[in-house]
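**Student:** give the three-dimensional model of this entry:
(2 chains)
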Amino acid sequence: AQSVSQHNHHVILSEAASLELGCNYSYGGTVNLFWYVQYPGQHLQLLLKYFSGDPLVKGIKGFEAEFIKSKFSFNLRKPSVQWSDTAEYFCAVNAAGGYNKLIFGAGTRLAVHP
Amino acid sequence: GAGVSQSPSNKVTEKGKDVELRCDPISGHTALYWYRQSLGQGLEFLIYFQGNSAPDKSGLPSDRFSAERTGGSVSTLTIQRTQQEDSAVYLCASSSQRDRAGTDTQYFGPGTRLTVL
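**Tutor:** Here you go, the predicted structure:
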């Protein structure tokens, strides 16, 4: 069965610090990978996704993620965080080829202090 | 509307009562999903509808849970004989499902917060 593991449940950073949130998945086949974000009081929204091509994916608001197939990882990065990045971040995976349900990680709560 | 809408936004019910949660997907989206977000469990898939195909019910936690999608649009999630462990935020998402590769973005609604007393 597919599973997603997010290593950090809570992360606290100061503004301008660099961010890296870990995500590992377990699945033997080809996958599509997603990072979703939930800002306080708002809906879940897509940050970025990977399904093929360049393993370094750029998303909204300066976020990027790198798919490393050999490590089953899809870590999210941002070189300099802002207070407005305070949110909960979810990594998700689905199996490529028509099995569309998303399997989510437990989420990482990020708090950025000014 | 511009996005996925869900109603009610909050629902408080007593243990043993039935509840219905509604989802209006984005117009034209053929795929609709229900997820549950609860403390300690994260986000769990419940059920998936795609066009006229049989729904994928593999995530429904018990036979007290059921869902329908009428006319390929609005969906209702029904929980019978609610239990306290059903307390959670129930999220609906839709996608255009332009291909079968699973790459489409799912757009989420605001959720319904269910509290079972």
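**Student:** show me what residue 113 is bridged to.
**Tutor:** Answering for chain A, as no chain was given. When assigned by DSSP bridges, residue A:113 has beta-bridge partners residue A:14.
**Student:** my question was about chain B, not that one.
**Tutor:** Going by DSSP bridges, residue B:113 forms beta bridges with residue B:10, residue B:89.
**Student:** kindly report the same for residue B:108.
**Tutor:** residue B:93.
**Student:** tell me how many other residues crowd it.
**Tutor:** Other residues near residue B:108 number 24, with proximity taken as other C-beta atoms under 10 Å in any protein chain shown. The way it works is simple: take the backbone N, C-alpha and C, and place the C-beta from them, glycine included.
**Student:** contacts only, for it.
**Tutor:** A:36, A:43, A:44, A:45, B:4, B:91, B:92, B:93 (C-beta atoms under 8 Å, 6 or more residues apart in numbering or on different chains).
**Student:** equivalent analysis for residue A:49, please.
**Tutor:** A:32, A:33, A:34, A:35, A:57, A:59, B:103, B:105.
**Student:** excluding its backbone neighbours, what's nearest the last one?
**Tutor:** Across the structure, with C-beta to C-beta, 6 or more residues apart in numbering or on different chains as the measure, the residue nearest residue B:105 apart from its sequence neighbours is residue A:46 (4.9 Å).
**Student:** partner residues bridging the one you found?
**Tutor:** Assigned bridge partners for residue A:46, using DSSP bridges, are residue A:36.
**Student:** quick check: it touching residue B:103?
**Tutor:** No - Residue A:46 is not in contact with residue B:103 according to C-beta atoms under 8 Å; the separation is 11.4 Å.
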